[in-house]
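> dropping a prediction and its sequence here:
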Amino acid sequence: MLDRTKFLTVAVDLGKISEQTRLFILNNQKRRVLQGDHHARAGEILIQHRMMSETGREEVLKRQKELRERKLSRIRAFVPKTRSTRGLRALIAIAGLLGVAIANREFGVSLELAVATAGFLTYVIEALVEYRAGRPLILSLLRAAFPVMTLVVFCLVLFAGVSIFKLNSIVTVHSAGQVQAQVQSRLNGIRIAFVAMAGALAILLMYSIWKFHALRFAESRLGAMKDILIRVESILRDETRLIDERKATAMMVALKGLRNVIRLSVVDRVIRWIFIFRPSANQARVLFFVPNSIGDAFELQAAAYPEDAPEGVRDAFDWIRDNHHPRILNEEKFEQLKQLAKGTSPRGWKQRYLVFTERHEHISICGWIYDKQETLIAMDASDCLAFDNSFLKRIRDAGGFGKEVLPWLEPGSFIGCPIIGLGGRPAGVLLVIKNIRNGFAPEDLEAVIMASQIMGNILQTGNPT
């Protein structure tokens, strides 16, 4: 059961952040702990990344205190007292190994049955520990798999070694009538031992390849972000060019660099291999929106599209740039539509709200981020109340674009950040869209936020403070 008194969980319950934001912050905390920062607070990280205001944090802390006071009188189940469950998980894995040894040596349980039972129990207990520590169910199941995999690999190697050392038993069997059957049984055991050894090596090989590529991509991300900073600074220092020209060039460098950084992920590469015959799958586009001169909508000022997009797809992107203008947030109208959708039966109101075609006139992703100055994440864009996907219907009705073009345009997930200009005022919105659901890795959020900060510095260059 999820601990409902955790800061991030309380923030989700109060509607201050989304579930996707909670997962990203948990990953950010883990990375900071690994880097030696053991005092990283969720509220501080949210404020630092402009995902929550100071007032919002105080509201969450007040509610969190109330919930914890209610639980003081109860006898709580055992839960880890720290954010890291590594030590407890290691103890569980060691207990599983000891259980295998005791069951095999003292009670005569076959090694195969002992390993299978210990592996299953270890996995269940580890998953429960992770879940009780405040992590979502899917993440808990994934994290619990590693110690179980280690236990299984160790036992397979142990089984293979024990079987090889028992080779002499083949020639020591007696009872002539049973010699053939016993020899055949021993030989089958040897075969199984070598298969187990090969399976263990295969598991270790796949894991080592995955970790190697993950480390390589992490280093590549750091190098790519460093390269963006160096190139942007070099362009802005070039006094032989007009300041507006330098800003435009630096902005494109930041957008294209972010697009390339998003692709530096093991998961991204695996998805591309899976959909090798579908070039439109798992493509990302990076967009920079600014308010128009009237102030009622946004216009696309700059964008970085997939490099391998066909000409027809680029024409479609140009059509969207010229014809799709996300609206400024009209919170009063937005709340009225929400109340209309809720009616007398609030259950299922979100689905009813998404049916309203006029909702796009009062809210958009850009409008929400620009008005609230908050980072917004959606691993499924269709579930986001603020997402304006009306351009899809309009481009279908416009004609001139084949069916092969539409998959490139479909929004599956997105990350949006405000870009802060002079005087701490919002100057625009950075929006990264992928055309598949759950298309972003946790570390992508940090890259997008860093890129938005770079773009904010670009806009402030050459202007009086």
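Here it is on my side, so go on.

> now the strands for the protein?
Taking DSSP state E as the criterion, the chain carries its strands at 284-291, 298-304, 376-378, 413-420, 426-434.

> off-centre distance for the last one?
It refers to strand 426-434. For strand 426-434, the distance from its own C-alpha centre to the chain's C-alpha centre is 18 Å (CA atoms, centre = their mean, to the nearest Å).

> quick one: contacts of that strand?
The set of residues external to strand 426-434 that reach it, using CB atoms under 8 Å, 6 or more residues apart in numbering, is 258-259, 262, 282-291, 298, 301, 365-366, 369-370, 373, 381, 411-421, 440, 444, 448, 451-452, 455-456, 459. Every C-beta, even on glycine, is put in place using the N, C-alpha and C of the backbone.

> assess the claim that Ala93 and Tyr123 are in contact.
No: Ala93 is not in contact with Tyr123 according to CB atoms under 8 Å; the separation is 10.4 Å.

> can you list residues touching both of these two?
Residues touching both Ala93 and Tyr123 comprise Val148, with contact defined as CB under 8 Å, 6+ apart.

> quick check: closest non-adjacent residue to Tyr131.
Leaving aside its chain neighbours, Tyr131 sits nearest to Ser140 (4.3 Å; criterion: CB to CB, 6 or more residues apart in numbering).

> the one you found is in contact with Val124, isn't it?
No: Ser140 is not in contact with Val124 according to CB under 8 Å; the separation is 10.7 Å.

> out of the two, which sits in the more crowded spot?
Ser140 (21 against 12; other CB atoms under 10 Å).

> mind checking pLDDT for the more buried one?
As predicted, Ser140 sits at a pLDDT of 76.

> then the one 3 residues further on?
Per-residue confidence (pLDDT) for Arg143: 76.

> can you show me the helices along the stretch 251-400 of the chain?
For the stretch 251-400 of the chain, the helices defined by DSSP state H, counting those that start in this stretch cover 266-274, 311-323, 331-342, 349-353, 365-372, 390-398.

> out of these, deepest packed?
A comparison of the helices of the stretch 251-400 of the chain by mean neighbour count, using mean count of other CB atoms under 10 Å, puts helix 365-372 on top with a mean of 23.

> other SSEs contacting that one?
Using 3 or more CB pairs under 8 Å, 6 or more residues apart in numbering; DSSP states H and E as the contact criterion, the neighbours of helix 365-372 among helices and strands are strand 298-304, strand 376-378, strand 413-420, strand 426-434.

> would you list the ones you listed in TSV and tack on distance to Arg327?
Output for those, formatted as TSV (distance: least, CB to CB, whole Å):
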stretch	distance to Arg327
strand 298-304	8
strand 376-378	15
strand 413-420	15
strand 426-434	12
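
> ok, back up a step: which stretch among the helices of the stretch 251-400 of the chain comes nearest Arg425?
Distances from Arg425 to each of the helices of the stretch 251-400 of the chain were compared by CB to CB, and the smallest falls on helix 365-372, at 10.3 Å.

> so which elements touch the lengthiest helix in the chain?
Secondary structure of the chain per DSSP state H: the longest helix is helix 179-236. Helix 179-236 makes packing contacts with helix 137-165, helix 243-262, helix 266-274, helix 442-460 when contacts are defined by 3+ CB pairs under 8 Å, 6+ apart.

> just the CA coordinates of the shortest one, formatted as CSV?
Spelled out, that is helix 266-274. As requested, the backbone C-alpha atoms of helix 266-274 are provided in CSV (Å, rounded to 0.1, in the frame of the first residue of the first chain):
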residue,chain,number,x,y,z
VAL,A,266,18.7,3.1,-24.3
VAL,A,267,14.9,2.8,-24.3
ASP,A,268,14.7,5.2,-27.3
ARG,A,269,17.2,3.1,-29.2
VAL,A,270,15.4,-0.1,-28.4
ILE,A,271,12.1,1.3,-29.6
ARG,A,272,13.8,2.4,-32.9
TRP,A,273,15.1,-1.2,-33.4
ILE,A,274,11.6,-2.6,-32.7
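
> avg pLDDT for that helix?
The pLDDT scores in helix 266-274 average 83.

> circling back: out of the contacts of strand 426-434, which end up buried?
Judged by neighbour count, with 16 or more other CB atoms under 10 Å as the criterion, the buried members of the contacts of strand 426-434 are 258-259, 262, 282-291, 298, 365-366, 369-370, 373, 381, 411-421, 440, 444, 448, 451-452, 455-456, 459.
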